[in-house]
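Student: dropping the sequence and predicted coords here.
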Amino acid sequence: MSEQNPAPVPGRPPLSVSRISTEVNRTGSWKYTMPVYHDRVAPCSAGCPTGVDIQGYMTLLRAHRIPEALELLLRENPMPAITGRVCNHPCENLCNRCSFDGAVSIHAVERMLGDQELMSPLPQPAARLHTERIAVIGSGPAGLACAYHLVRLGYRAEVFEQELEAGGMLRQGIPQYRLPREVLDRQLERYEALGVVFHTGTRAGGDLDWLQLQRDFAAIFIASGAQISKVLQLDGAEDSPALLSGLDFLRAVNRGERPSLGHHVLVIGGGNTAMDCARVALRLGSQVTVVYRRGREEMPAISEEVDDAEREGVEFQFLAAPERLVHSEGRLRLYCRSMKLVEADASGRRRFEDSGEPSFALPADTILTAIGEDAELQVLPAEIREDRGVDDWGATGRASFFLGGDVAGDERTVASALGAGKRAAIGIDRYLRSLRGEALPEPTAVELRLGGHGSFSSVRWTGEDPVARVDPINTVVTPEDVNTSDFAHEKRHEDRHLELLQGFEESNAGISMADAMAEAARCFQCGVCNDCELCRIYCSEAAITRDPVSGRLIIDLDHCKGCGVCAEECPRGAISMERLGAAL
């Protein structure tokens with residue numbers, strides 16, 4: 001029977017209907033641009049001094065693959081329980097969610113995963129794949145990171161520390177209310193279980209001769225840190241018992257001493273050491289004022305530490321430059337010049353100059369100086385002391401010697417020190433493999449750096465990554481690349497703080513596991529396809545399908561007409577449009 005045309009519907013125009021598949025119409029021949037899936041770098045990862053693939057472990061957490069998320073984190077960061085507590089987390093300042101509803105609480109998620117690690121059984125010793133021994137001088141974060149990564153790469157790493165206990169400034173300089181000693185001790189215990197060897201009470205350049213070290217070890221990494229407080233040049237301060245080094249004060253308190261400071265304590269400085277001194281002095285019963293020559297916005301201290309100090313009762317005297325101490329009638333007074341801020345200098349911080357107003361006095365019983373620290377250079381080998389420059393791999397001009405952390409002029413934060421230690425471990429591995437005549441991995445130093453300029457990535461060096469990626473290139477995802485129309489506003493989960501502190505118990509309780517998982521769900525997952533399928537939904541030509549083998553989304557270029565809707569609608573900037581023959 002012949003097919004009849006349907007009867008027309010009053011008021012509705014005729015409609016053309018194809019009786020064959022639209023696949024016969026190869027609309028791909030129309031295009032001059034084509035969509036390409038690219039795994040780009042999230043800005044948080046590019047800005048992480050430790051080189052953590054933050055987007056990667058957040059993706060695993062969203063899938064409730066907690067052990068794998070922790071392992072990916074540990075491949076780059078050897079101490080997440082510590083950095084989650086004390087890191088200045090520049091990653092959060094760069095988070096693309098900042099301008100939407102607040103950055104993901106990356107440090108809190110990291111701390112949660114780190115605490116999970118510390119509660120798990122001790123690791124098995126890492127496989128010893130190489131015969132070489134490497135000496136690591138200093139057990140601060142740079143030295144510990146270098147030793148950790150070397151052991152995981154199959155070497156024997158031996159750490160030499162002049163103090164009786166390992167930890168460097170993590171133990172000596174950071175108060176227990178920020179970093180409980182049991183957290184540090186558990187972390188060190190895990191390094192020993194992994195295979196790191198510690199020699200405490202041993203001073204390189206003193207007890208250990210550099211030539212002997214070079215004979216016994218295939219490579220030497222020096223990360224002796226900055227141990228000497230800068231001296232405050234102040235009239236009337238000569239030999240004053242009331243003027244104390246803030247770093248020496250913190251060391252004494254961390255040894256268990258409880259010095260009497262008197263009622264009025266002034267802390268000179270605006271960095272993290274100053275905040276630590278102020279909050280410790282407050283816990284010892286003193287009234288504390290921080291004196292800083294610039295304003296609050298110019299303080300180099302972690303902003304949360306400044307907030308906590310203020311919340312606990314520390315007072316601040318900004319735009320004040322100390323000039324002289326005066327002892328009168330048994331009292332001590334610090335006279336300060338009043339300053340004003342002017343245009344920014346090369347660092348981007350506003351400069352200060354004398355305001356011309358009269359000096360003013362602040363009463364004090366004790367003055368703690370926290371204006372910075374210097375590295376002890378006299379113990380270094382002569383040629384390294386004269387030239388502390390390093391190449392892209394942390395190597396010095398002297399064969400087999402590598403440098404990192406404070407002594408190499410790296411940024412003086414825990415996270416930066418960890419990145420420097422990892423850089424040196426990869427550099428040492430590359431150096432020793434070259435000596436053995438082995439073929440080296442292909443990545444250059446730029447390719448190893450997340451975003452091309454960030455910290456080295458261990459998984460890029462070893463070629464291991466549990467997160468499937470299409471094309472790990474170094475383009476960083478900007479806020480303009482993210483389509484926020486597909487995200488709902490969600491409040492950030494903040495750290496929980498103890499209300500009132502009388503002792504040295506930990507002041508920041510972090511966030512719960514549930515809140516950490518909720519924060520992972522807030523992550524935009526910038527730059528990497530997470531199979532949300534919006535590209536497939538919006539494709540007018542049905543040109544986006546799934547590969548039956550890999551399960552990945554693929555583009556049928558015979559039918560893709562290059563309209564760019566998929567790239568426009570992609571929530572996380574994982575698709576880019578390229579002109580046929582050249583990138584747009």
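Tutor: Ah, there it is. All of these numbers come straight from a predicted model, not from anything done at the bench. Numbering: from 1, shown residues only.

Student: show me what contacts residue 449?
Tutor: The contact partners of residue 449, by CB atoms under 8 Å, 6 or more residues apart in numbering, come to 51, 455, 456, 457, 474. All C-beta atoms are positioned from the backbone trio N, CA, C, and that covers glycine.

Student: okay, it: pLDDT?
Tutor: pLDDT for residue 449: 92.

Student: any idea what it is bridged to?
Tutor: Under DSSP bridges, the beta-bridge partners of residue 449 are residue 456.

Student: returning to that earlier point: can you redo the contacts of residue 449 as JSON lines with neighbour count?
Tutor: Rendered in JSON lines, the data for the contacts of residue 449 read as follows (neighbours: other CB atoms under 10 Å):
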{"residue": "51", "neighbour count": "25"}
{"residue": "455", "neighbour count": "26"}
{"residue": "456", "neighbour count": "26"}
{"residue": "457", "neighbour count": "24"}
{"residue": "474", "neighbour count": "16"}
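
Student: low-confidence stretches in this structure?
Tutor: Within the chain, the set of residues satisfying pLDDT under 70 comprises 1-8, 15-18, 20-25, 27-28, 238-239, 499-502, 581-584.

Student: go with 50
Tutor: Along the chain, the model assigns pLDDT under 50 to residues 1-2, 583-584.

Student: could you pick out the longest helix of it?
Tutor: For the chain, the longest helix by residue count, based on DSSP state H, is helix 414-435.

Student: check which helices and strands that one sits against.
Tutor: Here helix 414-435 touches helix 80-86, helix 141-152, strand 219-222, strand 401-403, helix 458-462, going by 3 or more CB pairs under 8 Å, 6 or more residues apart in numbering; DSSP states H and E.

Student: out of these, flag the one nearest residue 319.
Tutor: Residue 319 lies closest, by CB to CB, to one member of the helices and strands packed on helix 414-435: helix 80-86, at 28.2 Å.

Student: helices and strands around the closest one, which ones?
Tutor: With 3+ CB pairs under 8 Å, 6+ apart as the test, helix 80-86 has helix 66-76, helix 106-119, helix 181-194, helix 414-435, strand 508-510 packed against it.

Student: quick one, which of these is packed in tightest?
Tutor: helix 414-435 (a mean of 25; mean count of other CB atoms under 10 Å).

Student: can I get it in PDB? Just the C-alpha atoms.
Tutor: Coordinates of each C-alpha in helix 414-435 appear next as PDB, following Å, rounded to 0.1, in the frame of the first residue of the first chain:
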ATOM      1  CA  VAL A 414      57.400  25.900  54.200                       C
ATOM      2  CA  ALA A 415      55.800  25.200  50.800                       C
ATOM      3  CA  SER A 416      58.600  26.800  48.800                       C
ATOM      4  CA  ALA A 417      61.200  24.800  50.800                       C
ATOM      5  CA  LEU A 418      59.300  21.600  49.900                       C
ATOM      6  CA  GLY A 419      59.300  22.500  46.300                       C
ATOM      7  CA  ALA A 420      63.100  23.200  46.400                       C
ATOM      8  CA  GLY A 421      63.700  19.900  48.000                       C
ATOM      9  CA  LYS A 422      61.700  18.100  45.300                       C
ATOM     10  CA  ARG A 423      63.500  20.000  42.600                       C
ATOM     11  CA  ALA A 424      66.900  18.900  44.000                       C
ATOM     12  CA  ALA A 425      65.700  15.300  44.300                       C
ATOM     13  CA  ILE A 426      64.700  15.200  40.600                       C
ATOM     14  CA  GLY A 427      68.000  17.000  39.800                       C
ATOM     15  CA  ILE A 428      70.100  14.500  41.700                       C
ATOM     16  CA  ASP A 429      68.200  11.600  40.000                       C
ATOM     17  CA  ARG A 430      68.900  13.100  36.600                       C
ATOM     18  CA  TYR A 431      72.500  13.800  37.500                       C
ATOM     19  CA  LEU A 432      73.200  10.300  38.700                       C
ATOM     20  CA  ARG A 433      71.400   8.600  35.900                       C
ATOM     21  CA  SER A 434      73.400  10.600  33.500                       C
ATOM     22  CA  LEU A 435      76.600   9.500  35.200                       C
END
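
Student: buried ones in stretch 151-169?
Tutor: By 16 or more other CB atoms under 10 Å, the buried positions in stretch 151-169 come out as 151-153, 155-163, 165-169.

Student: take these and keep only those in strands.
Tutor: Those of these mapping onto strands are 156, 157, 158, 159, 160, 161, per DSSP state E.

Student: now residue 411, nearest residue through space, not along the chain?
Tutor: In space, and not counting its chain neighbours, residue 411 is closest to residue 49: 6.9 Å by CB to CB, 6 or more residues apart in numbering.

Student: phi and psi next, for residue 318.
Tutor: Dihedral pair for residue 318: phi -90, psi 160, per degrees, to the nearest 10.

Student: quick check: residue 163 vs residue 14, distance?
Tutor: Between residue 163 and residue 14 the computed distance is 89 Å (CB to CB, to the nearest Å).

Student: give the buried residues for whichever strand in the chain runs longest.
Tutor: Longest strand in the chain by number of residues (criterion: DSSP E): strand 331-344. Buried positions in strand 331-344, judged by neighbour count with 16+ other CB under 10 Å: 332, 333, 334, 335, 336, 337, 339, 341.

Student: same question, stretch 557-573
Tutor: Within stretch 557-573, the residues that qualify as buried are 557, 559-567, 569-573, counting by 16+ other CB under 10 Å.

Student: and these, which is closest to residue 479?
Tutor: Nearest to residue 479 out of the buried residues of stretch 557-573 is residue 573 (CB to CB; 9.5 Å).

Student: can you tell me the element the closest one falls in?
Tutor: Residue 573 belongs to no helix or strand when assigned by DSSP states H and E.

Student: doesn't residue 198 belong to a strand?
Tutor: Yes: assessed with DSSP: H, G, I helix; E, B strand; the rest coil, residue 198 lies in a strand.

Student: just checking, it touches residue 166?
Tutor: Yes: contact status for residue 198 versus residue 166: in contact at 5.2 Å, counting by CB atoms under 8 Å.

Student: joint contacts of these two?
Tutor: Common contact partners of residue 198 and residue 166 (CB under 8 Å, 6+ apart): 139, 159, 188.

Student: tabulate those (a markdown table), appending distance to residue 83.
Tutor: Output for the shared contacts of residue 198 and residue 166, formatted as a markdown table (distance: CB to CB, whole Å):
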| residue | distance to residue 83 |
| --- | --- |
| 139 | 16 |
| 159 | 19 |
| 188 | 15 |
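
Student: helices along the stretch 451-584 of the chain, start to end?
Tutor: Using DSSP state H, counting those that start in this stretch, the helices of the stretch 451-584 of the chain run over residues 458-462, 513-522, 534-538, 565-569.

Student: now distance to residue 299 too, for the ones you listed, in TSV please.
Tutor: As requested, these are arranged in TSV below (distance: least, CB to CB, whole Å):
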stretch	distance to residue 299
helix 458-462	33
helix 513-522	27
helix 534-538	43
helix 565-569	42
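
Student: so which of the ones you listed gets nearest residue 277?
Tutor: When those are ranked by distance to residue 277, counting by CB to CB, first place goes to helix 513-522 at 31.2 Å.

Student: can you name every helix or strand that the closest one contacts?
Tutor: In this structure, helix 513-522 packs against helix 54-62, helix 106-119, with contacts taken as 3+ CB pairs under 8 Å, 6+ apart.

Student: quick one: work out the angle between the last one and helix 414-435.
Tutor: Helix 106-119 and helix 414-435 are oriented at 60 degrees to each other (axes from the mean of the first three to the mean of the last three CA atoms, to 10 degrees).
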